[in-house]
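Novice: Fold the following, please.
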Amino acid sequence: MSKNSIRDYIKIVLELGKARISLPVALSALTGYVLFSGSIGSPGWYLFAGVFLVSCSSGAINHWQEYKTDAMMPRTKNRPIPSGKVSPSFALIVAIAYFVAGSIILGMHFSIAAWAAAVVTLASYNGLYTPLKKVTAFAVVPGSLVGALPPYIGWLAAGGSITSPLIFLVASFFFIGQIPHFWLLLLMFGKEYSLAGYPSLHAIFSENQIKRLSYTWILATIGSALLIALKVFIGRTTMFILMFYIFYLLFSSTIEIFAKKDLRVRPTFFKLNFLYLFMMIALIVDSIFHRS
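Specialist: Residues are numbered from 1 along each chain as shown. Below is the predicted model of the structure:
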């Protein structure tokens, strides 16, 4: 096999694992871990690797589950299975390999609770959200559980209690934040979802109504982020920087929806995603410097 072939297969395997999505999932789990332990250390990197691989397994299973509908949408028709680069059975083998590798890492270094939380996260995405989105355009609401669980994986891996209000508050932010994230995606790619036969919010609401609903959920996300800033953060510097960005997001989206009468979807989508990333990094930094 030539070097180019090996490189191409590595690229396909990473694409099947949705590595770009699995990385923030692993970072979210690491956030929960550091929030309890106050440090990363080698266990933190083992956790990051294990959760990343299990998340990649979930992504590969999703490719296998949806390759027929992926072939109907311009955005997804060039994915590895519908484009013919690999067979569905190859994708399934990759998914199993990812899952086994991730489970070994989690099983060797952490309690069974952390591994179980990772499995529940995978089941929520592939067993709940993926089938449900073929039934209802509101599948994102129960499906947002997928965003709330990774912090719990890290928290449990570090020895935290599942009933802790602290991790519940953090997980709630990621749960609420998933809803406007997916609805803004629907605004960007809703017509493609209709091509594949998925129920679309556009059949129920006008585009302007969807934007206002998304704005309402953005407000809820901002509210939960403020709660974390005030109740979870210890360091004043990280809290101040986070609150500065929260209010920037609040004012910029509010001005667009009320003064300009239009919410710019793509910029708002990226601003919201940056809040999730910023929240994770800020929580890790704050925990390392103030909880260790």
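Novice: Identify the residue spatially nearest to residue 65, adjacent ones excluded.
Specialist: Taking C-beta to C-beta, 6 or more residues apart in numbering as the measure, residue 65 lies nearest to residue 130, with 5.5 Å between them; neighbours along the chain are not counted. Every C-beta, even on glycine, is put in place using the N, C-alpha and C of the backbone.
Novice: Give me the three-state assignment for that neighbour.
Specialist: Reduced to three states with DSSP: H, G, I helix; E, B strand; the rest coil, the structure at residue 130 is helix.
Novice: Just the pLDDT at it, thanks.
Specialist: Model confidence at residue 130, expressed as pLDDT, equals 93.
Novice: Next: residue 197.
Specialist: Predicted confidence (pLDDT) at residue 197: the value is 81.
Novice: what's in contact with stretch 176-192?
Specialist: Among residues not part of stretch 176-192, those counted as contacts by C-beta atoms under 8 Å, 6 or more residues apart in numbering are 73-76, 137, 140-141, 143-144, 146-148, 193, 200-202, 207, 210-211, 213-215, 217-218, 220-221, 224, 265-266, 268-269, 272-273, 275-276.
Novice: just the CA coordinates of that stretch, formatted as PDB?
Specialist: What follows is stretch 176-192 as a C-alpha-only set of coordinates in PDB (Å, rounded to 0.1, in the frame of the first residue of the first chain):
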ATOM      1  CA  ILE A 176     -29.700  24.300  26.800                       C
ATOM      2  CA  GLY A 177     -27.000  25.500  24.400                       C
ATOM      3  CA  GLN A 178     -27.500  22.500  22.100                       C
ATOM      4  CA  ILE A 179     -31.000  23.600  21.100                       C
ATOM      5  CA  PRO A 180     -30.200  27.000  19.500                       C
ATOM      6  CA  HIS A 181     -27.100  25.400  18.000                       C
ATOM      7  CA  PHE A 182     -29.200  22.800  16.100                       C
ATOM      8  CA  TRP A 183     -31.900  25.200  15.200                       C
ATOM      9  CA  LEU A 184     -29.400  27.600  13.700                       C
ATOM     10  CA  LEU A 185     -28.100  24.600  11.700                       C
ATOM     11  CA  LEU A 186     -31.600  24.000  10.500                       C
ATOM     12  CA  LEU A 187     -31.800  27.600   9.400                       C
ATOM     13  CA  MET A 188     -28.600  27.100   7.400                       C
ATOM     14  CA  PHE A 189     -29.400  23.700   6.000                       C
ATOM     15  CA  GLY A 190     -33.100  23.100   6.500                       C
ATOM     16  CA  LYS A 191     -33.800  22.900   2.700                       C
ATOM     17  CA  GLU A 192     -31.300  20.000   2.400                       C
END
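Novice: and that stretch, how far out from the chain's middle?
Specialist: Averaging C-alpha positions (C-alpha atoms, centre = their mean, to the nearest Å) puts stretch 176-192 13 Å from its chain's average.
Novice: Numbering from 27 from now on, please.
Specialist: All right, first residue 27 from here; so that's stretch 202-218.
Novice: In helices only, show me the contacts of stretch 202-218.
Specialist: Filtering these for membership in helices, criterion DSSP state H, returns 166-167, 169, 172-174, 219, 233, 236-237, 239-241, 243-244, 246-247, 250, 291-292, 294-295, 298-299, 301-302.
Novice: Roughly how far does the residue nearest to residue 91 sit from residue 172?
Specialist: 10 Å (C-beta to C-beta, to the nearest Å).
Novice: Count the residues that sit near the nearest residue in space to residue 152 that is not next to it in sequence.
Specialist: Take residue 152 and drop its neighbours on the chain: the residue closest to it by C-beta to C-beta, 6+ apart is residue 87, 4.8 Å away. By the measure other C-beta atoms under 10 Å, the count of residues near residue 87 is 23.
Novice: Skip ahead from the helix or strand harbouring residue 87 and say which helix or strand is next.
Specialist: Secondary structure assigned from DSSP states H and E places residue 87 in helix 67-96. Under the assignment DSSP H and E, the closest C-terminal helix or strand after helix 67-96 is helix 114-135.
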